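S.K.: Quick one: sequence plus predicted model below, questions after.
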Amino acid sequence: MTGIASSPVLLVLAFTGAYWNATVVIHEVSEHIIAKPVKMNAALHNQSLSIEKLRETSSRLIDSFNATYLVLPYEPDMNITFYGVVNSHNPLNSEYGSLVTFDKNSGDVTFSQDIRKTDTLTVTLDSFRKLHFGYFAGLTSKIMWCILGLSPVFLSITGFYLYWQRNRRKRNARKKRKVANNFALNT
């Protein structure tokens, strides 16, 4: 019964985790193994840019945008990106769903994405974060995800116990048959 009850949560955990792992592996293989790695000696962005001014600009570009995460370039082809949260009726929109990207040299806006105005695929992929970690309904969903996520541990312990009991019964039955056979031969 535990396995049946926890299977939807475990499927969500498996699917979202597999998606993230696959995207990271594909990126690492294509950018760092197939393509020739680039040696970095200098700063990857203009050091005179004001990060605070860029954050203020991002808040003006998207209505109710609150920056929650900043990514500075750590690879040569990256720009400065602010990820953030916006007021939304969708409980599965993450705090990283909307973003504003600035050119790393000039500070000009190169891209912005309001999760409320994007396509279904982007909204679905953004929902993976809250679905994977189970924090879409507050403490209740966190507790449910924790308990149901630990069900494989419970199932492995109970499975081992049942296996051990079955083997113990088989050994005891074998011993009883042997004693009975010895008794029958001696009489």
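M.R.: The structure has been received and is ready for your questions.
S.K.: And the strands in this structure, which stretches?
M.R.: Ranges of strands in the chain, per DSSP state E, are 66-71, 80-85, 98-102, 109-113.
S.K.: Most tightly packed of those?
M.R.: strand 98-102 (a mean of 24; mean count of other Cβ atoms under 10 Å). The C-beta positions use only the backbone N, C-alpha and C, and glycine is treated the same way.
S.K.: Within the sheet, what are the partner strands of it, with directions?
M.R.: Using DSSP bridges, the strands paired with strand 98-102 are strand 80-85 (antiparallel), strand 109-113 (antiparallel).
S.K.: who's in contact with the first one?
M.R.: In this case it means strand 80-85. When contacts are defined by Cβ atoms under 8 Å, 6 or more residues apart in numbering, strand 80-85 is touched by residues 45, 49, 51, 54-55, 58, 62, 65-73, 93-104, 107.
S.K.: The last one too?
M.R.: Contact with strand 109-113 is made by 57-58, 61-62, 79, 97-103, 122, as judged by Cβ under 8 Å, 6+ apart.
S.K.: same thing but at 6 Å, please
M.R.: Leu61, Asn79, Ser98, Leu99, Val100, Thr101, Phe102, Asp103 (Cβ atoms under 6 Å, 6 or more residues apart in numbering).
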